[in-house]
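*Asks:* all I have is the shape, not the residue letters:
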């Protein structure tokens, strides 16, 4: 059963990790547009994520960006999945290309880390864990696309590395609502699921010196 214990947020020990907000993945003219662009637009997740990023920055919490990126010819890509074959066949996410860039609505700040990685998790063979531990982070919030692929993959690794994980339900999207909802159900067993508004409220309460806690919605329990 998903836990119903309160979520405590201390901005000094909290990081927001934004996964794959890249042209090729989330825009209507990107390589993966047939899979994700419609869902991203229909649910308004770019705007929701932008508001959350602004709130996290204002609270002084750490903001990190994760992006998939490959060298020309894909020497680091292991062709052992249909997804990886699609990346190569579509010519997607080549490092230095527009497709691999993070969209302008969510451009990283000058002092925010951008972690590039080749797989379905931003942790292996990347600096993400070191960045979080250097800042003594214990709670990681996740946004991004696709909910059920790299967002879930990175969140699962975060759980296994000992972090408290919160998936921001309305700041993620997948190819189908069913796939998105399935990951919410799974992650509610491994961590927490909360809305962007709930996260912003918890941060504001902490800033105001109030009890910075939130309780999961009964619909997510």
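*Replies:* Thanks, I have it. Owing to the predicted nature of the structure, the values given are computational and were not obtained by experimental measurement.
*Asks:* from now on I want contacts and neighbour counts done on CA atoms only, so please keep to that.
*Replies:* OK.
*Asks:* what residue ranges in this structure score low on pLDDT?
*Replies:* Residues of the chain that meet the criterion pLDDT under 70 lie in 1-7, 210-221.
*Asks:* could you pull out the helices in it for me?
*Replies:* In the chain, the segments counted as helices under DSSP state H are 23-26, 33-43, 45-59, 82-90, 128-134, 152-160, 177-190, 196-207.
*Asks:* out of the ones you listed, which is the most enclosed?
*Replies:* Highest mean neighbour count among the helices of the chain (mean count of other C-alpha atoms under 10 Å): helix 23-26, with a mean of 28.
*Asks:* how far is it from where the chain is centred?
*Replies:* From the chain centre to the centre of helix 23-26 is a distance of 14 Å (C-alpha atoms, centre = their mean, to the nearest Å).
*Asks:* again with stretch 108-115
*Replies:* Counting by C-alpha atoms, centre = their mean, stretch 108-115 is centred 14 Å from the centre of its parent chain.
*Asks:* over to stretch 76-86?
*Replies:* Worked out by C-alpha atoms, centre = their mean, stretch 76-86 lies 21 Å from the chain centre.
*Asks:* got the contact list for it?
*Replies:* Residues from elsewhere that reach stretch 76-86, judged by C-alpha atoms under 8 Å, 6 or more residues apart in numbering: 70, 118-119.
*Asks:* stretch 139-146 too?
*Replies:* Residues contacting stretch 139-146 (C-alpha under 8 Å, 6+ apart): 9, 13-21, 25-26, 36, 49, 151, 155, 158, 163-169, 171-175.
*Asks:* quick revisit: including distance to residue 105, could the helices of the chain go into JSON lines?
*Replies:* Below are the helices of the chain laid out as JSON lines (distance: least, C-alpha to C-alpha, whole Å):
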{"stretch": "helix 23-26", "distance to residue 105": "11"}
{"stretch": "helix 33-43", "distance to residue 105": "13"}
{"stretch": "helix 45-59", "distance to residue 105": "7"}
{"stretch": "helix 82-90", "distance to residue 105": "24"}
{"stretch": "helix 128-134", "distance to residue 105": "23"}
{"stretch": "helix 152-160", "distance to residue 105": "22"}
{"stretch": "helix 177-190", "distance to residue 105": "22"}
{"stretch": "helix 196-207", "distance to residue 105": "17"}
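*Asks:* which one of those helices lies closest to residue 111?
*Replies:* Closest to residue 111 of the helices of the chain is helix 45-59 (C-alpha to C-alpha; 10.8 Å).
*Asks:* right, and residue 93 touches residue 87 too?
*Replies:* Yes: Residue 93 is in contact with residue 87 according to C-alpha atoms under 8 Å; the separation is 7.4 Å.
*Asks:* fine, thanks again, bye for now.
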